[in-house]
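>>> I would like the atomic coordinates for the input below:
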Amino acid sequence: MDRSAAEGMPAHITLLYPFLPPSSIDEAVIAKLEALFSGTGWIEYRLARVGWFGDHVLFLEPDPALPFRRLTERLGEAFPDCLPYGGAFADIIPHMTVGIGAPRWRMRRVARRLPRLLPVADVATEAWLMVTHPRTARWEQVRAFDLR
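Model prediction:
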């Protein structure tokens, strides 16, 4: 129920969106990201809670959320022109989008079923730099950064 999944975006916990345009991503940006992510450490988390942004975005919230929030804050400090979600929201809420813009009845039905599948435990071992390919409009990974 998330159009970006059909466009090649894998399931993920968003750290910073929007980021720089692909034409602005050079070796200096890659080096800055490498330095920012290296030494962070892998993040053990559980997706245990269903949440909503209004009634048009259904998501799963990671627990703990703080390590993801801190990464977003560090990215914002390193790239001050890239505000999370363009500065539209005052609070950073790490999340994995399940559905956005789908019919509300469908998202509500999924939201009722999700708790039976939770919690899901995982470990974040990488941060990905994803861009939209200019010709295909599909998401593609530019680089994966090890969080060790």
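
>>> Show me how far the one helix or strand A111 maps to is from its chain's centre.
Taking DSSP states H and E as the definition, A111 sits inside helix 104-113. How far helix 104-113 lies from its chain's middle: 21 Å, per Cα atoms, centre = their mean, to the nearest Å.

>>> Please apply the same query to stretch 80-88.
Stretch 80-88 sits 14 Å away from the centroid of its parent chain (Cα atoms, centre = their mean).

>>> follow-up on the earlier one: would you indicate which residues of the helix holding A111 are buried?
Across helix 104-113, burial judged by 16 or more other Cβ atoms under 10 Å covers M107, A111. For glycine as for every other residue, the C-beta is placed from the backbone atoms N, C-alpha and C.

>>> on contacts alone, who are the packing partners of that helix?
strand 57-63, strand 96-100 (3 or more Cβ pairs under 8 Å, 6 or more residues apart in numbering; DSSP states H and E).

>>> out of those strands, which comes closest to P18?
Among the helices and strands packed on helix 104-113, the nearest to P18 by Cβ to Cβ is strand 96-100 (14.8 Å).
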